[in-house]
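Q: with the sequence up front, the predicted model follows.
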Amino acid sequence: MWMRAGTAWFASVVDGLDDATLSADTRLPGWTGRHLLAHVAANATALSNLATWARTGVETPMYTSAGQRAADIEAGATRPVSQLRAWFTETADRLAADLDVLTDRQWSAPVRTAQGRTLPASEIPWLRTREVVVHAVDIDPAGNFISVPLDVADALVDDVVAKRSTAGDGPALLLAATDTGREWKVDGIGDAARLEADTTTLAGWLTGRETLPPDAGAQPAPILPPWL
């Protein structure tokens with residue numbers, strides 16, 4: 001299962017970083033490794049809330065508010081790193097246990113994300129996979145998207161393309177994966193720029209983590225609005 005593998009990858013990256021590195025800035029503006037670790041730990045609890053919603057039928061939002069989510073991350077980032085490591089492990093294990101008990105009917109139950117999107121509970125594992133995989137790259141000073149498994153990167157491109165097409169606030173794009181032959185159309189503003197790169201590079205660029213190589217196509221590459 002992607003979620004379990006991605007969680008194990010994130011854990012292995014964190015285990016390989018010392019406390020000083022986790023206290024330093026990351027590639028995400030304003031966030032240290034502590035912020036990222038707090039965010040990923042809190043995300044597991046938020047997704048457990050959705051699992052509870054699916055199991056009980058009682059509306060249980062991921063977060064009480066966007067302000068609460070941000071405040072929890074800031075407060076969590078002040079914890080000792082040892083506590084943050086334990087918090088991540090505890091909440092990840094709890095999420096896995098909460099998902100394991102869902103019945104077939106409960107997996108089909110509608111829940112709502114923090115962004116207001118309604119989806120079946122069966123998508124919760126993907127939401128967690130996306131979180132741990134992307135942030136495994138973010139939290140590792142030497143991380144890059146080449147480490148993301150191809151099938152996960154492919155699904156991530158699908159996810160981000162759908163999100164950007166629905167928003168429609170960025171440039172129109174035609175994307176081609178040079179390693180798999182897959183192509184995607186991103187609805188947006190202006191004439192579509194055609195860009196070609198391998199799948200992991202496309203995933204990294206679409207999520208704002210990587211730059212495209214000079215031979216990808218349009219230069220300079222179109223500027224993308226924030227992904228999430």
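A: Structure's in. What do you need? Residues are numbered from 1 along each chain as shown.

Q: ok, Lys185 - contacts?
A: 161, 165, 173-175, 192 (C-beta atoms under 8 Å, 6 or more residues apart in numbering). Yep, even glycine has a C-beta here, placed from its N, CA and C like the rest.

Q: what subset of those residues is buried?
A: Among those, those classed as buried by 16 or more other C-beta atoms under 10 Å are 161, 165, 173, 175, 192.

Q: so which of those residues are in strands?
A: Those of the buried ones among the contacts of Lys185 mapping onto strands are 173, 175, 192, per DSSP state E.

Q: so who does the residue nearest the centre of the chain touch?
A: Computing the C-alpha centroid of the chain and ranking residues by C-alpha atoms, centre = their mean puts Glu131 first, at 3.0 Å. The contact partners of Glu131, by C-beta under 8 Å, 6+ apart, come to 40, 43.

Q: so Leu150 touches Ala177, yeah?
A: No. Leu150 is beyond contact range of Ala177, at 9.5 Å (criterion: C-beta atoms under 8 Å).

Q: looking at the two now, which is surrounded by more residues?
A: More crowded of Leu150 and Ala177, by other C-beta atoms under 10 Å: Ala177, with 21 against 14.

Q: for the more buried one, name its beta-bridge partners.
A: Per DSSP bridges, the residues bridged to Ala177 are Ala197.

Q: just checking, it touches Thr199?
A: Yes. Assessed by C-beta under 8 Å, Ala177 is found in contact with Thr199 at 4.6 Å.

Q: next, count neighbours for Arg4.
A: Around Arg4 there are 14 residues (other C-beta under 10 Å).

Q: that should have said Pro80, apologies.
A: 10.

Q: could you dump the ones in strands among the buried ones among the contacts of Lys185 to a markdown table with distance to Thr32 and pLDDT?
A: Formatted as a markdown table, these follow (distance: C-beta to C-beta, whole Å; pLDDT from 0 to 100):
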| residue | distance to Thr32 | pLDDT |
| --- | --- | --- |
| Leu173 | 32 | 97 |
| Leu175 | 32 | 97 |
| Ala192 | 38 | 94 |
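
Q: Ser48: which of the residues you listed is nearest?
A: In terms of C-beta to C-beta, no member of these lies closer to Ser48 than Leu175, at 34.0 Å.

Q: so for the closest one, what's the nearest residue that isn't a sequence neighbour?
A: Trp184 (4.5 Å; C-beta to C-beta, 6 or more residues apart in numbering).

Q: over to Asp179?
A: Asp198 is the one closest to Asp179 (C-beta to C-beta, 6+ apart), at 4.5 Å.

Q: pretty sure the one you found is touching Ala177, no?
A: Yes. The criterion here is C-beta under 8 Å, and Asp198 meets it with Ala177 at 6.5 Å.

Q: okay, now the domains of this structure?
A: 2-143, 147-209 (automatic domain parsing).

Q: which residues of the chain fall in strands?
A: Ranges of strands in the chain, per DSSP E, are 110-112, 118-120, 171-177, 183-186, 189-197.
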